[in-house]
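**Q** just need the structure, nothing else, for what follows:
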Amino acid sequence: MTKKIVITGIGATSPIGGTARDSWKALLAGESGARTLEHDWVAELALPVTFAATAKQSAADVLERHEVKRLDPSSQFALIAGREAWADAGSPEVAPERLAVDWSTGIGGVWTLLDAWDTLRERGPRRVLPMTVPMLMPNGPGAAIGMDLHARAGIRTVVSACASSTEALVNAYDHLQAGLADVVIAGGSEAAIHPLPIAAFASMQALSRRNDEPAIASRPYDLGRDGFVLGEGAAALVVETEEHAKARGARIYAELLGGAVTSDAYHITAPDPEGSAAARAMKTAIEGAGASLTDVAHVNAHATSTPVGDIAEYNALRRVFGDHLDRIAVTATKASTGHLLGGAGAIEALFTVMALHERTAPPTINLTEQDPEIPLDVVTSPRALGDGDLIAISNSFGFGGHNAVAAFRSA
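**A** Numbers count the residues shown, from 1 in each chain. Predicted coordinates for the structure are as follows:
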């Protein structure tokens with residue numbers, strides 16, 4: 001028997017807000033989280049890209065000093081988002097053996113890894129911190145949340161590039177359906193605004209070069225788009241069975257209908273231009289939930305602001321929805337937040353949940369001249385989604401040809 005799975009808590013720390021609510025409010029207001037980097041290493045290393053979407057609130061202002069010292073920034077963000085989501089859900093009373101964590105990251109503890117390498121070369125092996133490996137390992141963020149909340153039903157970490165945290169949410173749904181837990185904290189985090197990833201992404205021509213105009217650099221669907229803006233942060237959602245949520249009198253934001261994961265097997269970085277596997281993920285996520293394609297009212301698109309990626313996703317959307325696509329309100333929230341890589345799907349799922357909860361599609365900023373090859377109905381100012389039963393999907397696609405889609409219904 002299929003169980004109803006619901007979202008009861010949200011948490012985030014993002015480039016546009018230190019909390020989930022602040023991030024949502026800033027998104028509706030059309031704010032941008034992209035800003036010029038003030039670090040000395042930007043000039044010292046002559047980086048070709050001098051801006052990014054850094055977290056609006058420092059983790060050091062939220063966490064205890066010992067937590068900051070013992071956790072990589074990716075884990076710091078995860079702990080902040082996880083704690084907020086847990087408190088927002090009412091701190092559910094659940095047996096540790098029935099509480100799980102499904103987390104994700106695209107890169108993991110890159111700051112710890114590279115700082116440790118510098119220390120080893122410059123100061124020798126004795127000066128390498130003993131906590132280096134626990135801090136750099138990709139499962140560190142999920143472990144930090146799991147230990148903080150005493151989750152003993154399993155702490156799993158997905159690493160599927162920019163599809164990671166949507167895949168983690170799909171896993172949470174599957175684990176609840178399988179009866180492995182009653183409550184799951186799902187989400188993702190990333191903290192890769194470091195000179196090496198910036199240089200590497202810039203080398204592959206993936207990043208925007210609008211150094212003089214960072215706030216308008218991320219511009220999905222615009223004719224002038226020239227790459228994505230690197231972002232950082234985390235988002236968490238508390239997911240549980242409807243039976244468990246109702247038994248404890250929890251507020252329900254939305255229903256998680258399920259999701260799907262596919263792969264292109266096409267190219268290590270470029271998406272399949274036909275979008276066939278991405279389309280199959282969307283169709284499977286919707287139809288697997290027993291919904292009709294024409295029921296979908298809103299899409300939070302992956303839409304990174306790259307010339308090739310935005311068109312490939314449009315092709316996939318058109319393949320799935322046909323003429324109905326013209327009646328779907330599409331939002332590209334990376335225009336505001338930048339691209340959180342492994343954390344992108346989580347913050348975008350959170351925004352999709354809030355869109356259904358408040359029945360308002362958030363805007364896509366920086367769209368001044370829409371690419372005629374992408375004739376979508378793009379939301380450019382907050383738009384009412386209407387009454388009745390609403391269904392929305394959130395798309396995530398990543399290097400390696402990873403595709404993940406989560407589907408939601410209004411509560």
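**Q** what's the first helix or strand after the helix or strand containing Leu169?
**A** Secondary structure assignment for Leu169, by DSSP states H and E: helix 164-177. Going down the chain from helix 164-177, the next helix or strand is strand 183-190, by DSSP H and E.
**Q** tell me how many other residues surround Asn211.
**A** A count of nearby residues for Asn211, using other C-beta atoms under 10 Å, gives 15. Glycine gets a C-beta too; all of them are placed from N, C-alpha and C.
**Q** what residues are up against it?
**A** By C-beta atoms under 8 Å, 6 or more residues apart in numbering, Asn211 lies in contact with Thr36, Val49, Thr50, Phe51.
**Q** that one in helix, strand or coil?
**A** Put simply, Asn211 is coil when judged by DSSP: H, G, I helix; E, B strand; the rest coil.
**Q** okay, it and Ala34: tell me how far apart.
**A** 11 Å (C-beta to C-beta, to the nearest Å).
**Q** what touches both of those two?
**A** Common contact partners of Asn211 and Ala34 (C-beta under 8 Å, 6+ apart): Phe51.
**Q** which parts of stretch 359-373 are buried?
**A** Residues Arg359, Thr360, Ala361, Pro362, Pro363, Thr364, Ile365, Asn366, Leu367, Gln370, Asp371 are the ones in stretch 359-373 that count as buried (16 or more other C-beta atoms under 10 Å).
**Q** list the ones among those that fall in strands.
**A** Thr360, Ala361 (DSSP state E).
**Q** and which of the buried residues of stretch 359-373 is nearest to Lys3?
**A** Arg359 (25.1 Å; C-beta to C-beta).
**Q** ok, what's across the strand from Val239?
**A** Here Val239 sits in beta bridges with Ile7, Val184, as judged by DSSP bridges.
**Q** with Arg409 instead?
**A** Bridge pairing for Arg409 - DSSP bridges - gives Glu255, Ile391.
**Q** contact partners for it?
**A** Ala254, Glu255, Leu257, Ala289, Ala291, Leu356, Asp389, Leu390, Ile391.
**Q** try it again at 6 Å.
**A** Glu255, Leu257, Ile391 (C-beta atoms under 6 Å, 6 or more residues apart in numbering).
**Q** which SS class is the second one?
**A** Under the three-state scheme (three-state DSSP), Leu257 adopts strand.
**Q** pull out the buried positions in stretch 304-323.
**A** Going by neighbour count (16+ other C-beta under 10 Å), the buried part of stretch 304-323 is 304-306, 309-321.
**Q** of the residues you listed, which is the nearest to Asn403?
**A** Closest approach between the buried residues of stretch 304-323 and Asn403, by C-beta to C-beta: Ala316, at 8.5 Å.
**Q** how many other residues sit next to the nearest residue to that closest one once chain neighbours are set aside?
**A** What sits nearest to Ala316 in space, not counting adjacent residues and going by C-beta to C-beta, 6 or more residues apart in numbering, is Gly275, at 2.9 Å. By other C-beta under 10 Å, the residues close to Gly275 number 24.
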